[in-house]
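[1] Everything below, folded, please.
(2 chains)
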Amino acid sequence: MSAIFKRELGSYFTSPVGYAVLAAFMFFSGIFFYVQCLYTGTTNMSGVFQSMFFIVLFVIPLITMRSFADDRKNKTDQALLTAPVSVPSVVISKFLSSLFIFALCLLSFVIEGVALTVLAKADWSVIIGNVFGMLIMGSAFITIGLFISSLTESSIVAAIISFVVNVLISLVDTIGYTIHWAPLNSVLSVLSFQGKYNNFALGLISLSDVVFFITVSCLFLFLTDRTVERRRWM
Amino acid sequence: MIKVSNLTKYYVRNKALDNVSFSLKEGEILGFLGPNGAGKSTTMNIITGYLSSDSGDVEIDGINILENPTAAKKKIGYLPEVPPLYNDMTVKAYLEFIFRLKKVRLPMKEHINSICEKVRITDVRERLIKSLSKGYRQRVGLAQALIGDPPVLILDEPTVGLDPQQIIEIRRLIRELGKKHTIILSSHLLSEVQAVCDKILIINKGRIVADELTSSLTGTGSSTEKLRLIVEGRKQQVQSVLQKVDGVVKVTDMGEAEKGCCEFTVDSRRDVRRLIFRALAKTDFSILEMSPVEQSLEDTYLNIITGKNETKEEATDVSDI
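    Now for the predicted structure:
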């Protein structure tokens, strides 16, 4: 398992993808930090975290697009699936390497936190809570991206579909505002990623939100495993 | 060592494999022969656990690939039709990755070095795989199959893309590996299978059409014997003498070999060399040359494949080979 994890991680940095993702994430996070903290003179980073939600929607498909699609295209899945490793361990290794890259992106908030500490008194509990919240929401988006990547041979197609799906997920709240039928509204609010994430951004970490994201992650890891396994029977 | 029983596989509605069974003892080399799309790669993919069959079983050293895939896969080294190479890695990093992936418990550096020397890729170890030529890529593919020293090797067209010198080297290597490993290799090249393998399996349209020892396929594969004959004398007279010889089935005129001499091929049911000699000596025709025409594997192969399916499409497939 660690062999696949290391190889996947290495592959982000033998191509421009890893650098591009890190650079884009840190660039936007830096801009939002400047505008919403430094320029307005506040130590409250909630606004930065809320704004970064949309950047996450863009960045995660770039992280996950190649994971399974490229293996299929280059037939390297034959090396993985004929090796003495199980399909779930392949899926989990790929998931962990994607999550690791995403976690590296989140380091930008730590740097910003340090900058705030130098200038004023930063509230580290809020920053750490937020980074945790974003990581756990990111993990749900990553598993969705991995699942989509396992459905196609083209990493570009995987990226586009993942992006569209991510945007649709974020629209759940917007759709919710326009519908005035209570049962559907409550279903939509359960499915909402952004609503839960905004709670995190405001410093409210509830167990049910955490469980929600973990459940989504597990569900899509399972579906990815099934897709890879099913291909053997086709 | 390898036991394949009643494999059947459908791709949607197409039957790719139809009741394929064979077995292989330890240390044997099996050649897998057949036209394009016959089911060679599918069979290999099922044996290695990459694909699953719709029915049938595969056992590697007594371990069922479906019941205990991890243990079975540990015993197999596989070189697929397209070598599974990561283009963004160096040869060394890739082989180290495969070493760890296969959870090999040998000293890594020495093991990889010895394999690199075996397949002659030591000089490109530090290069990125994407910059390698097809021949080198094929050899890196072979190297990854050898990692972990698995008792069973499955090689899907191992010499594709190599130059003649490399082909000879790889064949020699495969023969050498055959002393310690059980090998299944597929090939379009009949001469290769003939040169390397102990057993041959001919597969066509998903079915096994011949499963025999190489010697029996090439030697007594046909029921008739064939002789090539050059005789001094008039063509028609010689031909009529030959036709009267007991046991001769057919005399084919091959034209004039040299001035005053004619060439024939003689098909017979048994060894008629002595009878021909006496008959021609009696009628005062001199035999200048008489040699048995050994039926090559290619002839047998064509007979088997086209004999069963005399369609035009088959014929073009075979002529490609």
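
[2] and chain B, which residues reach chain A?
    Residues of chain B lying close to chain A by C-beta under 8 Å from any C-beta of the partner chain are B:11, B:45, B:48-52, B:69-71, B:73-74, B:76, B:78, B:80, B:82, B:84-89, B:93, B:97-98, B:100-103, B:144. Heads up, the C-betas are built off the backbone N, CA and C, glycines and all.

[3] do that again at 7 Å, thanks
    Proximity of chain B to chain A (C-beta under 7 Å from any C-beta of the partner chain) is limited to residues B:48-52, B:70, B:73-74, B:76, B:78, B:80, B:82, B:84-88, B:97-98, B:100-103, B:144.

[4] Could you find the closest non-adjacent residue to the one residue sitting closest to the centre of chain A?
    Geometric centre of chain A, nearest residue: A:G138, 2.6 Å, by C-alpha atoms, centre = their mean. Residue nearest to A:G138 in three dimensions, not counting chain neighbours: A:F102, with 4.7 Å by C-beta to C-beta, 6 or more residues apart in numbering or on different chains.

[5] of the residues of chain B next to chain A, buried ones?
    Buried members of the residues of chain B next to chain A, counted by 16 or more other C-beta atoms under 10 Å in any protein chain shown: B:48-52, B:73-74, B:76, B:78, B:80, B:82, B:84-88, B:97-98, B:100-102, B:144.

[6] So which of those residues sit within strands?
    Residues of these located in strands (DSSP state E): B:76, B:78.

[7] Would you mind listing what in chain A touches chain B?
    So far as C-beta under 7 Å from any C-beta goes, chain A lies against chain B at A:3-4, A:7, A:11, A:14-15, A:74-76, A:78-79, A:81-86, A:232-233.

[8] And A:G30, what's its pLDDT?
    With respect to pLDDT, A:G30 scores 94.

[9] how near is it to chain B?
    29 Å (C-beta to the nearest C-beta, to the nearest Å).

[10] where exactly do the helices run in the stretch 1-150 of chain B?
    B:40-47, B:69-74, B:91-101, B:108-118, B:134-146 (DSSP state H, counting those that start in this stretch).

[11] ok, now chain A?
    For chain A, the helices defined by DSSP state H cover A:2-14, A:16-33, A:46-64, A:69-73, A:77-81, A:87-119, A:124-149, A:155-178, A:182-191, A:193-201, A:207-231.

[12] So which of these is nearest B:V20?
    Of all the helices of chain A, it is helix A:77-81 that lies closest to B:V20, at 20.2 Å by C-beta to C-beta.

[13] buried stuff in the closest one?
    Result for helix A:77-81 [16+ other C-beta under 10 Å]: buried residues A:77-81.

[14] What's the local residue count around A:V114?
    13 (other C-beta atoms under 10 Å in any protein chain shown).

[15] next one: the one 10 residues further on
    A total of 13 residues lie near A:W124 under the criterion other C-beta under 10 Å.

[16] That one and chain B: what is the separation?
    38 Å.

[17] Am I right that B:K250 sits in a strand?
    Yes - when DSSP: H, G, I helix; E, B strand; the rest coil is applied, B:K250 is found to be in a strand.

[18] so what pLDDT did B:V318 get?
    37.

[19] B:V104 too?
    Reported pLDDT for B:V104: 91.

[20] try the one 4 residues further on
    The confidence metric pLDDT takes the value 92 at B:M108.

[21] Tell me how far it lies from B:A143.
    14 Å (C-beta to C-beta, to the nearest Å).

[22] B:R125: neighbouring residues, count only.
    Counted with other C-beta under 10 Å, B:R125 comes out at 17.

[23] so what's the backbone phi/psi at it?
    phi -60, psi -30 (degrees, to the nearest 10).

[24] Could you turn the buried ones of the residues of chain A next to chain B into a PyMOL selection?
    Listed next is the PyMOL selection for buried residues among the residues of chain A next to chain B, using 16+ other C-beta under 10 Å:
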select buried, chain A and resi 3+4+7+11+14+74+76+78+79+81+82+83+84+85
